[in-house]
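[1] Dropping a prediction and its sequence here:
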Amino acid sequence: MPDADTPVRMPDLLRPRGSNQVGMRQFNERTVLQALRVHTSLPKADLARLTGLSAQTIGLITARLEEDGLIVKQSRVRGRIGQPSVPLALNPDGAFSIGIKVGRRGAEWLLIDFTAQVRERHAISYDFPDVDELLPAIAQHIHRLRDGLGPLAVRNVGAGLAAPFQLGGWHRTLGLSKAQADLWNQMDLAGEVRARTDVPVSFARDTVAACVAELVGGRGHDLKSFLYIFVDTFVGGGLVINSHLHTGVHGNAGALASLPMQPPGNGGTLPMQLIAQASLWELEQRLTAEGLDAMAAYDERALQPPHAAITLAWLDSASQALAHAIVSGTAMLDLADVVVDGSMSRVLLQALLERTRAALDRCNWEGLWQPQLHGGRAGAQACALGGAMLPLHANFAPDHDVFLKAA
């Protein structure tokens, strides 16, 4: 691991390579790094077996990665037949990335290391983001997190921005003016952030980023294909097929907020959408109507008096709406698994899962196979965490499509 006072050399792995031969070498290096990311630590013999590369090639690759500060040797493992083995693991200080979530009710910044562990976090809340305040704040926190690394700042590979495609969408639901909504909907948010920083910035829809976090660091280790649902201020989702994130033609696959809850009315009235029943915004409004703190929707107070009765009524409505969405998704996709996560407390998430399972049992499954329902593991930080993972995996993963199909 580099000494904190020693200038850090940027590893050649991050520099452009020109020839096909060098491109193959980079792919093999990234394959080794991915194996270590999935299995935590492995000796060279196991790396060769898992990757299909020769022992000699593995020796050359691991020597290079160790020289670049991307992997480290661990203590020898003794007590087995043959020579003691030396496991290799990712160096936490090998690379860093910044994740930014911009939501309708708050923003969050994370700094993660090469093993995807959160090193630092900062968050702010607001009723709705103000352009003149939030854009400078985004750049300020990016620079603060990067510069706080000191000599290791050169190992920051970028920032990932996670936000709704249309931050001003459903402005009537939020009580916003059309002018406020248009300001955000017409803005190139990623472009505005890039103009304010020299750090490379990636962009993904917020719930797609959350799905990335679950795919890379959560249920994606066990499940090959799943519909992902994230219950936040608004509800949204993502889609994983054969361990690949499927984003769709417009990058909008899994946009469950817009899912209609019933057919259109005869009078041309628009049907209610999932967002109106399964979002924490709806719980906020119910709490506010009773003179209670709306932000209790996001913490342990939600299931404690005097909030509990209101929350239980919301759970009944939200679980039935989610069950409808899951049946619809199953009919279209024929998936065996659904993962539900959110920015609420883990206790409230568990209650939502239990009621949604009960609602699914009451649904008509004729002609379909009922999927298994799983709780997500990333939690409230999923969007920012997934955003932070985008630059890491763009620079180090062997298959960029596993994590994000670039627009």
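    Sure thing, it's come through. Residues are numbered from 1 along each chain as shown.

[2] In terms of helices and strands, where is residue 311?
    helix 308-333 (DSSP states H and E).

[3] Kindly report the domain assignment for the chain.
    As recorded under automatic domain parsing, the domains making up the chain are 12-90, 95-211+383-393, 222-377.

[4] what's the most buried one of the ones you listed?
    For the domains of the chain, average neighbour numbers computed from mean count of other C-beta atoms under 10 Å are highest in domain 95-211+383-393, which has a mean of 20. Backbone N, C-alpha and C define where each C-beta goes, glycine included.

[5] Would you mind measuring the gap between the ends of that domain?
    Counting by C-alpha to C-alpha, to the nearest Å, you get 11 Å between the two ends of domain 95-211+383-393.

[6] what mean pLDDT does the helix holding residue 311 have?
    What helix 308-333 shows for mean pLDDT is 97.

[7] Determine the set of other helices and strands touching that helix.
    If you count contacts as 3 or more C-beta pairs under 8 Å, 6 or more residues apart in numbering; DSSP states H and E, helix 308-333 packs onto strand 226-231, helix 275-278, helix 280-289, strand 337-342, helix 346-361.

[8] closest to residue 183 out of those?
    Shortest separation from residue 183 across the helices and strands packed on helix 308-333 is recorded for helix 280-289, at 19.9 Å, computed as C-beta to C-beta.

[9] the inter-axis angle of the closest one versus strand 337-342?
    40 degrees (axes from the mean of the first three to the mean of the last three C-alpha atoms, to 10 degrees).

[10] contacting residues around helix 280-289?
    Helix 280-289 is contacted by residues 104, 173-174, 231-234, 275-276, 293-298, 302, 307, 310-311, 313-314, 317-318, 342-344 when judged by C-beta atoms under 8 Å, 6 or more residues apart in numbering.

[11] and residue 292, what are its phi and psi?
    phi -110, psi 160 (degrees, to the nearest 10).

[12] Help me confirm that it comes into contact with residue 308.
    No: with contacts counted by C-beta atoms under 8 Å, residue 292 stays clear of residue 308, the gap being 10.8 Å.

[13] What is the end-to-end distance of stretch 296-303?
    Per C-alpha to C-alpha, stretch 296-303 runs 9 Å from first to last residue.

[14] give me the low-pLDDT residue ranges for the stretch 151-300 of the chain?
    Residue ranges of the stretch 151-300 of the chain with pLDDT under 70: 168-174, 265-268.

[15] Strands along that one, start to end?
    For the stretch 151-300 of the chain, applying DSSP state E, counting those that start in this stretch gives strands covering 156-163, 201-205, 226-231, 235-241, 244-245.

[16] Any chance of these in JSON lines with distance to residue 24 as columns?
    Formatted as JSON lines, the strands of the stretch 151-300 of the chain follow (distance: least, C-beta to C-beta, whole Å):
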{"stretch": "strand 156-163", "distance to residue 24": "22"}
{"stretch": "strand 201-205", "distance to residue 24": "25"}
{"stretch": "strand 226-231", "distance to residue 24": "32"}
{"stretch": "strand 235-241", "distance to residue 24": "27"}
{"stretch": "strand 244-245", "distance to residue 24": "22"}
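
[17] Quick one, which of those gets closest to residue 40.
    Of these, nearest to residue 40 by C-beta to C-beta is strand 156-163, at 21.0 Å.

[18] Check whether residue 77 really touches residue 85, as I assumed.
    Yes: in terms of C-beta under 8 Å, residue 77 counts as a neighbour of residue 85; the distance is 4.9 Å.
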